[in-house]
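Enquirer: Here's a sequence, model it:
(one chain, ligands or ions: 3)
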Amino acid sequence: MSRQWAFYFDTQKCIGCHACVVSCRVRNDVGTKEAKWRRMEHVGEGSFPDYKETSVSMSCFHCATAPCRQVCPTHAIEKRERDGIVTVDQDKCIGCHYCAYACPFGACQYGDDGLLQKCHLCLGEGAGDGHGKPARQKPEDGGATAACVDNCVTEALKAGPINEILREASEEAANRYSESDVGPALVVEPVTQESHDSIETTDPTG
Ligand code: SF4
Ligand code: SF4
Ligand code: SF4
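Expert: Numbering: from 1, shown residues only. Ligands and ions are numbered 1, 2, ... in the order given. Below you'll find the predicted structure:
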């Protein structure tokens with residue numbers, strides 16, 4: 001593989017605003033309410049009055065080993081050679097949900113047709129405008145930044161080739177990435193006391 005694309009997430013910067021979730025839905029025209037290619041998880045710790053909550057933005061992490069791909073009986077799931085992005089061929093999917101059982105991150109989603117759909121990293125083609133216009137593939141057009149990344153108001157979420165991501169990450173986050181066994185292409189900054197803001201959030205996508 002020439003290069004693996006990866007996500008970067010900084011727990012200290014995320015304010016749990018759901019802009020990433022909504023922008024993914026718009027960019028990719030995800031029509032069903034149930035299918036969430038990106039979602040927010042809120043991890044709580046402690047009890048009142050010392051309860052703290054951390055927001056974590058989740059999607060498919062385009063795993064090195066792609067367990068979903070390994071169990072798919074119809075070879076509907078591909079891990080692209082050129083960038084490691086894991087894609088789905090819905091013409092081959094039979095909706096058996098084996099991939100959902102194999103995925104450790106709850107990334108496999110299904111539409112009204114019962115077929116697998118999930119984050120495809122905007123295919124590395126940038127956000128576009130979400131209304132049928134071409135993706136912005138060149139830096140002079142705004143770069144090839146995924147919609148969720150493009151719309152993150154605090155730059156808590158980033159995506160790109162793993163060597164670039166690791167250059168920006170803290171040493172602890174980079175070490176965590178190399179220790180990973182399943183191989184999710186995700187570099188995540190550790191939770192600290194500062195990132196434990198008490199945030200009250202509601203999911204606008206329901
Ligand atoms: S996160 Fe889940 S759906 Fe995505 S590549 Fe890994 S196993 Fe497959
Ligand atoms: S639901 Fe579709 S993509 Fe998933 S394992 Fe079954 S055939 Fe493959
Ligand atoms: S990279 Fe694209 S498809 Fe994946 S969660 Fe972000 S907006 Fe959605």
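Enquirer: what residues are up against the residue most central in space within the chain?
Expert: For the chain, the residue nearest the mean C-alpha position is S59 (3.0 Å; CA atoms, centre = their mean). Counting by CB atoms under 8 Å, 6 or more residues apart in numbering, S59 makes contact with F7, C24, W37, R38, R39, A107, K118, C119, C148. Where C-beta positions appear, they are placed from N, C-alpha and C, glycine not excepted.
Enquirer: Roughly how far does the residue of the chain positioned farthest from its centre sit from C93?
Expert: Farthest-out residue of the chain from its mean C-alpha position, per CA atoms, centre = their mean: P49, at 32.1 Å. According to CB to CB, to the nearest Å, P49 and C93 sit 48 Å apart.
Enquirer: same question, K36
Expert: K36 is 18 Å from C93, by CB to CB.
Enquirer: If you count surrounding residues, which of the two has more?
Expert: Of the pair K36 and C93, K36 is the one with more neighbours under other CB atoms under 10 Å, namely 22 against 19.
Enquirer: tell me the phi and psi of the more buried one?
Expert: In terms of degrees, to the nearest 10, the main-chain angles of K36 are phi -120, psi 100.
Enquirer: isn't it right next to Q109, touching?
Expert: Yes. Taking contacts as CB atoms under 8 Å, K36 lies within contact range of Q109: 6.1 Å.
Enquirer: Might you enumerate the residues of the chain proximal to ligand 2?
Expert: 71-74, 76-77, 88, 93-99, 116 (CB under 6 Å from any ligand atom).
Enquirer: How about V56: what's its closest non-neighbour residue?
Expert: E41 (4.6 Å; CB to CB, 6 or more residues apart in numbering).
Enquirer: The helix or strand encompassing that neighbour and ligand 1 in contact?
Expert: Per DSSP states H and E: E41 is located in strand 39-45. No. Shown here: strand 39-45 not in contact with ligand 1 (CB under 6 Å from any ligand atom), separated by at least 12.4 Å.
Enquirer: Which strands or helices does that strand pack on?
Expert: Secondary-structure packing of strand 39-45 (3 or more CB pairs under 8 Å, 6 or more residues apart in numbering; DSSP states H and E): helix 19-27, strand 52-58.
Enquirer: highest average neighbour count across those?
Expert: Highest mean neighbour count among those (mean count of other CB atoms under 10 Å): helix 19-27, with a mean of 21.
Enquirer: Any part of that one near ligand 3?
Expert: Yes. Contact of helix 19-27 with ligand 3 (CB under 6 Å from any ligand atom) involves C24, R27.
Enquirer: Just the C-alphas of that helix, formatted as PDB.
Expert: Output for helix 19-27, consisting of C-alpha atoms alone and laid out as PDB, is shown next (Å, rounded to 0.1, in the frame of the first residue of the first chain):
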ATOM      1  CA  ALA A  19     -21.000  19.600  13.400                       C
ATOM      2  CA  CYS A  20     -19.000  16.500  12.100                       C
ATOM      3  CA  VAL A  21     -22.000  14.300  12.400                       C
ATOM      4  CA  VAL A  22     -24.300  16.700  10.500                       C
ATOM      5  CA  SER A  23     -21.800  17.600   7.800                       C
ATOM      6  CA  CYS A  24     -21.200  13.900   7.000                       C
ATOM      7  CA  ARG A  25     -24.900  13.300   6.600                       C
ATOM      8  CA  VAL A  26     -25.300  16.300   4.300                       C
ATOM      9  CA  ARG A  27     -22.100  15.600   2.200                       C
END
